[in-house]
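A.B. asks: predicted structure and sequence below. I'll ask about it afterward.
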Amino acid sequence: MTENRTLWLQTAILAAVKAGKAILDVYDSADMGVEKKADDSPLTLADRCAHTIIKAGISGFGIPVLSEEGRDIPFAERRQWPRMWIVDPLDGTKEFIKRNGEFTVNIALAEGGVPTMGVIYVPVTDTLYFADHDLGAYKIDACRQGGGERSPDGTDSMESLMKKAVRLPLQQEKGRPYTIMGSRSHATPELDAYVETMRQKHGQVAFISSGSSLKICLVAEGRADIYPRLGPTMEWDTAAGQAIAVASGAQVVRHDDGNALAYNKENLLNPWFIVKRT
């Protein structure tokens, strides 16, 4: 990795972990400050706090930021960006509100429409995933240090991170059934039909429901074989996960034509897609 890329990744990791601590502060409080967005989906105080922290953290490089908050930036302006941060400060807001722990902080760097760097942080389990196309994909199960205190700046250098990280995919469990990931809150009849098709093809299959980008992370780890997303998502939902999955040797492709998902499109809605081990 070049010096710039190392600094970008280190900064994105620190921003994600700091945002995660702010999210936990709201998660552990009595009032989550839940509001409704224009599409009737929920927005919490944690979303807003995390977005502010991330934007401040990654703003020093002159790289523009795309997130749901900036979805109205004209395409004529965005199409001129050679690279961009793509941020989802709280992926899995419904899971956050349910307090089931299955939510993440997602930060990606996309270049020429391709996610080349990704950071996903899971605040409740203190799990960190990160990747760069020059470095590979990695996981740290306990990224914050400090004698039991949950310190937001315990991972302040790439050297210390790499000493604690394990490379993805992990060693495969022998004899496990073909494993399919699915959304906990966004199941569709098309997904049910897809799972049935996989049962006919592979015999015994295991199906795991999960929230947020954790589904992509489990494929990146090698703990699952495939994640079909046969329903709507936005670019900020998937960019970080795609960078991590691809760096781990998996594929993230459109369901209709098998091409890789592209980013910074005029329409920021993703097509249906498949994440799979090759």
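C.D. replies: Cool, got the structure.

A.B. asks: neighbours of the closest residue to Leu135 other than its chain neighbours, just the number please.
C.D. replies: When the adjacent residues along the chain are set aside, Leu135 lies closest to Met1, with 5.4 Å between them (CB to CB, 6 or more residues apart in numbering). Yep, even glycine has a C-beta here, placed from its N, CA and C like the rest. Residues within reach of Met1, counting by other CB atoms under 10 Å, total 14.

A.B. asks: verify the contact between Met1 and Asp132 for me.
C.D. replies: Yes: taking CB atoms under 8 Å as the definition, Met1 is a contact partner of Asp132 at 6.0 Å.

A.B. asks: overlap of the contact sets of those two?
C.D. replies: The contact sets of Met1 and Asp132 overlap at Leu9 (CB atoms under 8 Å, 6 or more residues apart in numbering).

A.B. asks: and stretch 106-117, how far apart are its ends?
C.D. replies: Distance across stretch 106-117, first residue to last, is 11 Å (CA to CA, to the nearest Å).

A.B. asks: could you number the chain from 496 rather than 1 from now on?
C.D. replies: Got it, the first residue is 496 from now on, which makes the last one we talked about stretch 601-612.

A.B. asks: what's that stretch in contact with?
C.D. replies: By CB under 8 Å, 6+ apart, stretch 601-612 touches 500, 503-504, 507, 510-511, 549, 553, 558, 577-584, 586, 613-615, 626-628, 708, 731-732, 734-738, 741, 755, 757-760.

A.B. asks: and Leu585, what helix or strand is that in?
C.D. replies: Per DSSP states H and E, Leu585 falls inside strand 578-586.

A.B. asks: so which elements touch that strand?
C.D. replies: helix 498-522, helix 540-553, strand 560-561, strand 599-606, helix 730-742 (3 or more CB pairs under 8 Å, 6 or more residues apart in numbering; DSSP states H and E).

A.B. asks: neighbouring strands for that strand, and are they parallel or not?
C.D. replies: Partner strands and pairing direction for strand 578-586 (DSSP bridges) are strand 560-561 (parallel), strand 599-606 (antiparallel).

A.B. asks: Leu725: which of the ones you listed is closest?
C.D. replies: Taking CB to CB, strand 599-606 is the member of the strands paired with strand 578-586 nearest to Leu725, at 20.6 Å.

A.B. asks: quick revisit: pull out the buried residues from the helix or strand that the strand holding Leu585 is followed by.
C.D. replies: Going down the chain from strand 578-586, the next helix or strand is helix 588-593, by DSSP H and E. Across helix 588-593, burial judged by 16 or more other CB atoms under 10 Å covers Thr588, Lys589, Glu590, Phe591.

A.B. asks: go on, stretch 750-766?
C.D. replies: Within stretch 750-766, the residues that qualify as buried by neighbour count (16+ other CB under 10 Å) are Leu756, Tyr758, Asn759, Leu763, Asn765, Pro766.

A.B. asks: these two touch, right, the fifth one and Ala734?
C.D. replies: What it means is Asn765. No: using CB under 8 Å, Asn765 and Ala734 do not qualify as a contacting pair, with a distance of 9.6 Å.

A.B. asks: between the two, which contacts overlap?
C.D. replies: Taking CB under 8 Å, 6+ apart as the contact definition, Asn765 and Ala734 share no neighbouring residue.

A.B. asks: for the stretch 546-695 of the chain, give me the ranges with low pLDDT.
C.D. replies: Low-confidence regions of the stretch 546-695 of the chain, defined by pLDDT under 70, span residues 640-651.

A.B. asks: which residues in the stretch 546-695 of the chain form helices?
C.D. replies: For the stretch 546-695 of the chain, the helices identified by DSSP state H, counting those that start in this stretch occupy 570-573, 588-593, 653-659, 684-697, in order along the chain.

A.B. asks: between the helices and strands packed on strand 578-586, which gets nearest to Met653?
C.D. replies: The minimum distance between Met653 and those falls on helix 498-522, with 5.0 Å, by CB to CB.

A.B. asks: what's the closest of the helices and strands packed on strand 578-586 to Val770?
C.D. replies: Taking CB to CB, helix 730-742 is the member of these nearest to Val770, at 5.5 Å.

A.B. asks: which other helices and strands contact the closest one?
C.D. replies: Secondary structure elements in contact with helix 730-742, counted by 3+ CB pairs under 8 Å, 6+ apart, are strand 578-586, strand 599-606, strand 609-617, strand 622-627, strand 631-635, helix 709-716, strand 745-749, strand 768-772.
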